[in-house]
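Chemist: Sequence plus the predicted model coming up.
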Amino acid sequence: MCVIFLYTNPDAEAGQFRLILATNRDESYKRPAKQAHFWDESPTIIGGRDMEPGREGGTWFAMSRKGRLAALLNVMGGTSAHAKGRGSLVPEYLAAGCDAGAHLSGLHSRAHEYSRFNLLAVDVRRDGIDVHQLSNTGDVGRTHASGQGFHGVGNHWLGRPTRKVSAGLSRFAGVVEGPGRATAAKEELVDGLLALLKWDEKHYPDPVLESLASNSSPEKRQALSSVFISFPGAAYGTRAVSCRAAHSHERSRMCLASRGLVTPGTELQQYWTATRAMFGDAWRSCHWPLAPCVR
């Protein structure tokens with residue numbers, strides 16, 4: 001039950017952010033993964049990597065120095081053992097030589113080859129910001145938006161958000177509409193976004209969630225109804241949180257944190273590791289303590 005919240009304002013005034021993003025990745029604690037890093041084969045891209053046997057190299061969220069970012073969210077209720085791995089969709093978009101619209105048009109024709117997904121693809125340019133969403137649930141659908149706006153996407157069918165996505169988007173808008181959109185308040189912004197991403201209030205009952213997770217127990221559905229998920233009984237929950245704020249095409253900052261096992265297959269250790277990356281004249285990453293997120 002991953003979730004992503006996005007704000008775009010391509011015509012932001014001086015001293016304001018053009019793009020603000022916050023996202024959680026929810027996954028089995030035991031699924032092996034690499035935390036966010038700059039990729040050896042594509043050093044202009046930063047993101048985590050899936051290390052599940054047979055799915056190595058895929059990712060759920062990544063961004064590039066070219067101003068592109070993408071997030072993949074699996075839609076509940078439909079997987080196929082014969083489908084292609086969805087984790088390749090994000091790297092393919094980031095590496096594409098064509099514009100976002102053309103790339104997604106090509107993907108649209110073969111979306112049925114994958115299990116259910118929502119793909120959010122963003123292109124940040126000097127002259128604008130395009131936000132594309134492609135989903136292969138039901139009738140394959142696409143949306144495109146440009147200009148100023150708020151977007152919230154989860155593991156739901158296109159246009160049918162769960163309660164937690166709607167509530168989270170409202171809280172996200174509150175963070176952004178306050179001092180958070182000003183670049184001078186970047187630390188306050190990050191604090192507000194991280195507080196949102198570790199929000200564990202349950203938004204249940206939820207008819208949409210109950211429909212998507214009809215084969216799950218009421219206890220699990222309730223656990224899935226919060227933005228930050230912790231369901232130790234199933235060794236499942238929020239594994240990674242990410243925030244990004246950009247005030248120009250070339251300069252931005254991103255904060256990422258990951259939770260997982262010391263070694264796959266061992267007893268769950270409640271720990272976080274974190275990276276802060278700033279993109280501009282030089283790229284760098286460093287360890288960043290994230291004690292408030294520890295569960």
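Modeler: Ah, there it is. Keep in mind it's a predicted model, so treat the numbers as computed, not measured. Numbers count the residues shown, from 1 in each chain.

Chemist: start to end distance for stretch 117-135?
Modeler: With C-alpha to C-alpha, to the nearest Å as the measure, stretch 117-135 spans 6 Å from end to end.

Chemist: again with stretch 175-192
Modeler: 6 Å.

Chemist: give the contact list for the nearest residue to Met76 once chain neighbours are set aside.
Modeler: For Met76, ignoring the flanking residues on the chain, the nearest one in space by C-beta to C-beta, 6 or more residues apart in numbering is Leu212 at 4.1 Å. In this view, the C-beta of every residue, glycine as well, is placed from N, C-alpha and C. Taking C-beta atoms under 8 Å, 6 or more residues apart in numbering as the criterion, Leu212 is in contact with Val75, Met76, Gly77, Asn155, His156, Trp157, Thr162.

Chemist: Tell me how far Leu212 lies from Leu193.
Modeler: 26 Å (C-beta to C-beta, to the nearest Å).

Chemist: Surely Arg239 touches Asp26?
Modeler: Yes. Using C-beta atoms under 8 Å, Arg239 is in contact with Asp26, at 6.6 Å.

Chemist: could you dump the contacts of Leu212 to a markdown table with neighbour count?
Modeler: Compiled in a markdown table, the contacts of Leu212 are given as follows (neighbours: other C-beta atoms under 10 Å):
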| residue | neighbour count |
| --- | --- |
| Val75 | 21 |
| Met76 | 22 |
| Gly77 | 17 |
| Asn155 | 23 |
| His156 | 25 |
| Trp157 | 20 |
| Thr162 | 27 |
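
Chemist: so which of these comes closest to Cys2?
Modeler: Nearest to Cys2 among these: Asn155, at 6.2 Å, using C-beta to C-beta.

Chemist: May I have the beta-bridge partners of Val3?
Modeler: Asn24 (DSSP bridges).

Chemist: repeat for the one 5 residues further on
Modeler: Judged by DSSP bridges, the bridge partners of Thr8 are Leu19, Gly149.

Chemist: need the next SSE after the helix or strand hosting Leu104, C-terminal direction.
Modeler: Counting by DSSP states H and E, the element that carries Leu104 is helix 100-108. Proceeding N to C from helix 100-108, the next assigned helix or strand is strand 117-125, under DSSP H and E.

Chemist: Just name whatever secondary elements the very next helix or strand once past that next one is in contact with.
Modeler: Counting by DSSP H and E, the next helix or strand C-terminal to strand 117-125 is strand 128-135. Of the remaining helices and strands, those touching strand 128-135 by 3 or more C-beta pairs under 8 Å, 6 or more residues apart in numbering; DSSP states H and E are strand 3-8, helix 100-108, strand 117-125, strand 141-146, strand 149-153.

Chemist: Save the contacts of Leu212 as TSV, and put in pLDDT and distance to Arg68 too.
Modeler: What follows is those, written out as TSV (pLDDT from 0 to 100; distance: C-beta to C-beta, whole Å):
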residue	pLDDT	distance to Arg68
Val75	92	23
Met76	86	27
Gly77	74	29
Asn155	94	23
His156	92	24
Trp157	88	25
Thr162	96	27
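
Chemist: Take those residues and keep only those in helices.
Modeler: The members of the contacts of Leu212 all map outside helices under DSSP state H.

Chemist: and of those residues, the nearest to Gly48?
Modeler: If you rank the contacts of Leu212 by distance to Gly48 using C-beta to C-beta, Asn155 comes first, at 17.7 Å.

Chemist: That closest one against Met76, yeah?
Modeler: Yes. Counting by C-beta under 8 Å, Asn155 does reach Met76; the two are 5.1 Å apart.

Chemist: I'd like the distance between the most centrally placed residue in the chain and Gly174.
Modeler: Nearest to the mean C-alpha position of the chain, by C-alpha atoms, centre = their mean, lies Thr23 at 3.9 Å. To Gly174, Thr23 is 17 Å away according to C-beta to C-beta.

Chemist: just Cys98 next, same as before
Modeler: Taken as C-beta to C-beta, the span from Cys98 to Gly174 is 37 Å.

Chemist: what does Lys66 give?
Modeler: Counting by C-beta to C-beta - Lys66 and Gly174 are separated by 31 Å.
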